[in-house]
Structures are given as structure tokens and as C-alpha cells.
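S.K.: this one's structure only:
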């Protein structure tokens, strides 16, 4: 899946809260009632005592006092402690009393019984206190500090639900699904039935699978021969989105059974599952469109299924629909048959073996164009009024499909590949096998309104999703902890393919900027390893972030350069061949690489230091004559002491690369593997300068100590001695080190003084980013005079470059993209005469009632200038509502979000959340833009606070959109007051909300901003 990062535009579900048991739950003692439910021994689950839904059985409490110890021990012996105590009291009758109420001497029999009981009690107490505090189970000894109890949840009908883990049991596996659906685009509901053929791995009485929000009417089980179909009881446990089909008899190992489930539901009004979309057709009539988005956890809301990536199966899909509409699914259509008056059924061919999250179907009025390549029919679908914008996508998709088949040496295995533009879509795109769904801006190219930047975005997203047809679809990660195997690889291949087929797009410049942003996120304590353990839906959703995508891709880029291109490519081929139609873990990839390196390098040992640990290394270089001393440590911004953890002893195996003044061409690149804390490299001769991390192909930051001055002088005298990517890398590194306190801000400003001679996009973009960030922090903190001086510094460096830009679409794609960026920035900040020129063009466009053609590359700058006036803003909104170009609408919505009118900004955000005039898919883009301005940054945060429940219902906790909204709406804060406010807001919310990683990232970022201001504010006064 391709998210929409905030710089491209932006990328499910709330855990269902169980409010059934607000009081203390009923407790069932399994030791006394073992037959209450037919439970297998392997189903025993140990969870903390605090679980709200539980069935207490043989277990150990946290033994805070003797009575709890004694009660636990009694339960271990299958006795009820309270019953036993009352029994002892009743046995007091063996003591005889005389009439004067004085005790007589007990009988001999009584003395013997009491002695025996005393011996047993003492032995029991000694066993408890002298033996290790432990309960022995089939899984071993649970120590006291684990605080365990055997628990089972209660189903919605009050019966025991026979499974308590989030992950499904391994008892049965699905082999095949027959799915029949009938969506009704008038009532906005759908009915369905599914037959699932399962194979039994171990004897069981139950089949546990996923279901979310489905109204299940009936369930049956049919034995292997299909002779006996028996009704089956089904139990529902919404907290885990699970249902259990209870078999009337034991299901036998090795046998196949067919489960049939009939159900109904509403088409979703979120962006997950089988959801509804409304749009206006060519006649401005409202039409409905139904589409799916199942990754990661939403297939279960369209049909009951084993909704985990490793449970691969084949699918036969039939969809009943209005004869005026059309349907698409993963496979080609096999037949269409009449059902009733006006209703027909489309049947699709049986799919290849695949995961549930890749199943897809669309019901809508669509048009398409197609072309065949290598036995597969490639088609681009869109609503009728957009059909004239799909040509570029078709040409691009065909070229990319042909490239990947040659690169992987594996043919695309399906007879068709459909790419569909969806009118309302949260992600950038989704890689469903054979039916890729896209946001319209990521697929439709309008030659009149799409800019060079738009063309690059469309190309990148198509390249990403087509790479998934191999990485993710053919070979799938076993569980979501290794999501990077899907997304990191698809991102990596996206740039490999674009560099090979579309070199004129200079996609490597974009990749470089994305790596810088990923490293910023990865330098915070709230970061996570690329491969991270996940269980809950929120944790799984949060894996769809810059680290899985960009860090994962950059680690592969680093490995490719270290192994060499050919060896790396051979390793990929081995990996895909070894695991096709199956699932894989990270180690499987490294094992495949090791097959190719044949013992010359242990790739697994090397790469485990990168994927199992968060963060990245800082390598410090000290040069004395021809001797280079190297030292590695973790690069980490230290926040408040309680909020960061230190692991300074951690070592990465770093494939260093470097060039020197004696030979600074690419073929002169030298390599060195730093796998110790420190090391020494001896050069054959003295050099004037040395630059490490050539072209930023490694995922680490370099500190040059005393050599920074040498590199600064080199940039001033002859900046082209280094590549554009190396120059951007130096700018990024020195500002990162200044933020860390290891280098002075003065030296960072000195380094970028050369930028007025720069003409390449990468270093200019990075310099502008660093200075804009400082400007934003100062502006929001109220340091207006200092902020103005920063803007003057930017104008000094880039003013001439801005003046040189023409208001046309001339030049190379790279030049056009640079023009678009510089003019949009200049018009936003009223620099030079940008607004004057832009306003003149906007007025002419407005006078023509929007019919005049504007240059697409400068269109955003013109709209930004026009939106500053009230009349211009209103006209732009009117044109937004009537435009049929999604590229044009995207530029309009960004311009509308730059107004300084508070009421208009509030209206924009509120309206986008409601999805009436402006689609909810645009909300994170709007919040991002609003939060950048002085007028809007507090409004954006207030909007998030006031609409938190609505936001999380619409987009779901942990989703990429929620991540962006949280981090972007708070990223400008740099005061302790705001820090406390953000902390307090989320602490008052549910535990699921407060524990979101993006919340911790937002808090880390505010603390970092505060720290940066405290460290550098006085220095900035001197420098500027």
C-alpha cells in the first residue's frame, strides 16, 4: 500500500470497546466445572489478572499475602478455598463441650484427624514458600512476577468463547473461499454468503476466524465427502473481531470441512472494508460507488475469513449487481448470468493462492482503456468524465510491468492487471493482486493542469504498486512485524525502476529527501525497529509509517551498493523463487542473499544490526595526515531523562563508503565495513579532503570534527567537486549535528553560504527546508523580529534564483519542479515580486471565469497569491467544486488552506471532516497546510482536540492519516505550555490513544523544539 506522505499529500480500525461488563465479571472456576465448554488443552491462555473478561481457573495470583498464596494453592489442587475454610469451621463439632461451656479434652480419633490435617497444611505451606513461586503447565513454569491466571473471554451471548488470543489458533487452515456478495447501492447495504474449505491440522471442536460488524444469520459445517451438512453454533467475541464455529463433533486431523456462513451488513462509511463513495457524474447527479480497502485488517468486515497474511487461500468471487453497473475483482470475469429483473451475477475465475488483505472488488459505473503486454491485459479504469486523463497511466504501467518481469525473472502470473481511480480513497493506492486501487490524483494525468511534480507522483505510485505484485502478493510477510518486507521492498523497487525507465524524472532526489525525513523520525526515542513485534490493531496500523517504507528501502539501497548490483539482484531472484505463493520472514531474505554470497559475507549478521534496532549510527571522522580514525555511536536526541532510553553500547555493522580529493568520481568510491566501536583507515597518501557516505547511499550521519572547515571551504571554492546528493547530505548532516549540540549553528549557516551558487534541486531543497524550519519555530514562539531576519537570510541565498524563474512550463522536468517549489515558497512568504506577478495572472484567470489556461508548474503559486483576498478565496472554492481535474483541485485545496482568515480555515477543516464539499481524503493535507501558518497552527490543534472522536471513527486509531494529523498539528510547538497541553490531552483519552507511537513522537518533537530554542536562540541573535 502506498501512503500519502505529507509532502505528496497524505497514507484500521478502532478496537471495539467492550462495555458489556462494567461490573466485576462473573468468574467461573474451571477446576470445578471442567465440562462447561469443550476446550482443548492447547487453548490455555495466560493473561494478566487485570483482564476484564475472564474465566478464572488453575492459576497463580500475585501473592501479596498468605491468604492469597493459600487460596492459589488450594485452586491448584482443584479445591475451593472458601468451601474448604467453611468445612474446617464445621468440623469444629468434633470438640465436645460441657454444659458449663468449658472445653473437654478431645477424643483420640479427633487428635489423629487434626494431626493429619496439620501435617498436610504445614507441608502445603512449606511447598509454597520453599519451592520456587511457580505453576507448572504444559508451557513450563510461570514465575511469580508474571502474575498469571488461566482465562477465557465471554462471547456476546454470555457463553465461554473458546479462544482468548488476538492471533488465530493453528488448529485449522483455510484452503479455498467461495464468496457471493450482493451490494445494493440504493439501500447502501450488502448481503453475503461464504463457503470456506478448511483443513484440520490438529483435532479440535471449534473453528475460530475473523468477523467484524457482520450480522451473521446462519452457520453450517459439511464434512469431507459433502454428505452431511449440520447446523453449527456460532459464538462472537467483538473485542478481537473473532467468531467461533462450534462443531457438533470433533474435527479430525487431515480432513477437509466446508464452513458456510450467511450474513449481511452496511456498506462502510469509513475508508475500510467494503465502503461506499458518492460522487457527481457529468450531469452533476449524485452517484454511488462501492469499493474495498482491506489492508491490514478489514477483509473481516466484508466476509468472515482467516484475516491474517499467512493464511493464504484461493478465492472464487461472485457479485450480484444492477445490470447498469459493472464489477471488477482480482481475476478476469468468467461469466455473467441473469438473477432477477434488472439484477445479474458476475462470476470471476478462481484466484491464485493469496492473503485476505489482497482480495478486492469494485461496483460502479466505470470506463476503461486497455493494452496487452506479454500475455496480460493492462487496463486503466475511471469514472466516465475522467477517461481522458488515463492515457499516461496506461503507458507507464505497461513499461513498468515489462521492466519488473525482466528484473525478477518471474512473469506477472495473472491474465489481467486493472488500475482503478477511486473518487474517494484514503491511501495513495492499494496493491490488491490484479486490481490495484488508486486515489485519483495518483493515477490521473491531465496534460493541461498536471505539473512535473504530478507526473513524478503518478509514476512513483504506479511503480510502487506494481512492485508489490511480486513483493507482497507473490511473497507475503508472515506477520505484520515484517511489513517492511512488503513496503520497504516496494519503495526500493519504485526508485530502482524509475531510475532505469524514467531517468528524466530524477526520482533519486525525492528518495533522498524522504530518507532525511525518515531519519528525523528515527532519531527520536519514540522510534521503533524496522521489524517490531505487533499484536493489536493500533500497533499494526502504526507499522505503516516512514520507517517501514523509507528506512526499509534505504537499508536495501545500502545493501545493494555493498554487495554490488548484480549480487543483490541475484539474491532477490532466489528469495522470490524460494517463497513464491508463500510467506516469509526477514531471515528468509538474508538466507537467500547468503546463498548468493556463498559464505564470503554473512548478510544476516550484517543486516540484523539494522532491522532489529531502532535509530541509526553517528560516525565521527578524525583525519591526521593519511590516517582516518573512525568511531560510531547512536545518534539520538536526548529529551527529558524519563523519556529516553540509552543503549550506547549497541554496534551497527556499517558499510562505509568514501571518496577523496585524489579521486572523487563514482568509480573511485572506496568501502570499509565498520563493525567495531572504533577503527582506523590508512590512506595510501595524504588528501586535501575526504567525504564519507557517498551519495547518501548509507543510512548514517557523519561528523567530520575538524574537517568541517575543509568541506565548507571546498563548497565555497568548487561545490561541483561533490555530487548534488553529497552536497545535500552535508547540509542535512551539519544541521542535524547542530540540533544534537555536537556542532555549532554558526558553522551550519557558514556551510550553506555557498547555496547562492547552487543550481541543483536536492541541495537547494534541503537548505530551504532547514532554514524554513528555523523560521517556523521562531514565528510560532513569538520571536517575530528574529523570524523576519531568517527570512531575509533565505532571500539573500535564494532571491536571485527566485528572480530567474519564468512563469511558464519550459525546461527539463527537474528545472520545472524547482521552479514550482521556489515560486510557491516566495508567494507564500511574499518574497520578491512573486505575489504581484501571481496576482496579475490570477485576476486574468478569474476574469475568464477559470477558462484561461495557466502554466501547470506555477499554478499552485498563482492560486496561493489569489487566495489571500476574500474574493479570490471564494472564487477558488467555487472553481474547486466544479473542476474535473483532480490535479487542479489538489493545488486549489492547498491554496485555500493558506488563507489568513480564521473562519475560512475552520470551515475548511470542518467541511473536509464531514466530506460534503471537500472530501475527507483531503483532511490531513489541509491540517498539514493550516498548521504551517502563524494564523492556523493553533487552530489546527484546536480542531484535532475538538473532533478527536470523529477523527478516530472516520480514520481509525493508528492509521497513517491519524499519525499525520497528530504529528503535523503539533510539530510547530516549542513551549512548555504547549507540551503540557498535548500531554494532558492524550493522557485523558483512552489507553489506546495515549499509547500511540505517533503521540509519543509528537511529544518528543515538542521537547526537541524546546531544547533547540533554549540552545540556539541567543546564538541566532548574534548570527542574524
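M.R.: Done, it's in. Here the structure is a predicted model, which is why all the values come from computation and not from measurement. Numbering: from 1, shown residues only.
S.K.: distance of residue 950 relative to residue 919?
M.R.: Per Cβ to Cβ, to the nearest Å, residue 950 is found 15 Å from residue 919. Placement of C-beta: from N, CA and C, glycine included.
S.K.: again, but for residue 788
M.R.: Distance, residue 788 to residue 919, using Cβ to Cβ: 37 Å.
S.K.: give the contact list for residue 377.
M.R.: Residue 377 makes contact with 332, 370, 371, 415, 416, 417 under the criterion Cβ atoms under 8 Å, 6 or more residues apart in numbering.
S.K.: just those residues: which are in strands?
M.R.: 370, 371, 416, 417 (DSSP state E).
S.K.: out of these, what pair is the most spread apart?
M.R.: Among the ones in strands among the contacts of residue 377, the pair separated by the greatest distance (Cβ to Cβ) is 371 and 416, at 11.3 Å.
S.K.: overlap in contacts of the two?
M.R.: By Cβ under 8 Å, 6+ apart, the residues touching both residue 371 and residue 416 are 377, 378.
S.K.: of these two, who's got more company?
M.R.: residue 416 (20 against 13; other Cβ atoms under 10 Å).
S.K.: how about the helices in the stretch 851-1000 of the chain?
M.R.: Remark: helices assigned in the stretch 851-1000 of the chain by DSSP state H, counting those that start in this stretch are 859-866, 870-882, 886-896, 902-914, 923-932, 937-946, 948-955, 960-970, 976-987, 991-994, 997-1023.
S.K.: kindly reformat the ones you listed as TSV containing mean pLDDT and mean neighbour count.
M.R.: Converted to TSV, the helices of the stretch 851-1000 of the chain look like this (pLDDT from 0 to 100; neighbours: other Cβ atoms under 10 Å):
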stretch	mean pLDDT	mean neighbour count
helix 859-866	96	28
helix 870-882	96	16
helix 886-896	96	24
helix 902-914	96	18
helix 923-932	95	25
helix 937-946	96	19
helix 948-955	94	18
helix 960-970	95	26
helix 976-987	96	15
helix 991-994	87	15
helix 997-1023	93	19
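S.K.: what would those helices look like in TSV with distance to residue 365?
M.R.: TSV is the format used below for those (distance: least, Cβ to Cβ, whole Å):
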stretch	distance to residue 365
helix 859-866	30
helix 870-882	20
helix 886-896	18
helix 902-914	25
helix 923-932	26
helix 937-946	35
helix 948-955	26
helix 960-970	27
helix 976-987	43
helix 991-994	39
helix 997-1023	38
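S.K.: wait, which of those helices is closest to residue 380?
M.R.: Here helix 886-896 is closest among these (Cβ to Cβ), at 14.0 Å.
S.K.: adding pLDDT and distance to residue 650, write the ones in strands among the contacts of residue 377 out as CSV.
M.R.: Below are those laid out as CSV (pLDDT from 0 to 100; distance: Cβ to Cβ, whole Å):
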residue, pLDDT, distance to residue 650
370, 98, 53
371, 97, 51
416, 98, 48
417, 98, 44
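S.K.: where does pLDDT dip in the stretch 201-350 of the chain?
M.R.: Residues of the stretch 201-350 of the chain that meet the criterion pLDDT under 70 lie in 226.
S.K.: recalculate using a threshold of 80.
M.R.: Applying pLDDT under 80 to the stretch 201-350 of the chain picks out residues 224-227.
S.K.: please apply the same query to the chain.
M.R.: For the chain (pLDDT under 80), the answer is 2-150, 224-227, 638-649, 664-667.
S.K.: please parse it into its domains.
M.R.: 150-365, 474-609, 913-1015 (the TED database).
S.K.: gap between the two ends of the last one?
M.R.: The separation between the terminal residues of domain 913-1015, taken as Cα to Cα, to the nearest Å, is 39 Å.
S.K.: check contacts around the nearest residue in space to residue 979 that is not next to it in sequence.
M.R.: Nearest non-adjacent residue to residue 979, counting by Cβ to Cβ, 6 or more residues apart in numbering: residue 1006, 4.7 Å away. Residue 1006 is in contact with 970, 973, 974, 978, 979, 982, counting by Cβ under 8 Å, 6+ apart.
S.K.: quick one: buried residues of the strand or helix carrying residue 206?
M.R.: Applying DSSP states H and E as the criterion places residue 206 in strand 204-210. Judged by neighbour count using 16 or more other Cβ atoms under 10 Å, the buried positions of strand 204-210 are 204, 205, 206, 207, 208, 209, 210.
S.K.: hmm, residue 304 and the last one touching each other?
M.R.: Yes - using Cβ atoms under 8 Å as the test, residue 210 is close enough to residue 304 to be in contact (6.8 Å).
S.K.: neighbour count winner among residue 788 and residue 919?
M.R.: More crowded of residue 788 and residue 919, by other Cβ under 10 Å: residue 919, with 21 against 14.
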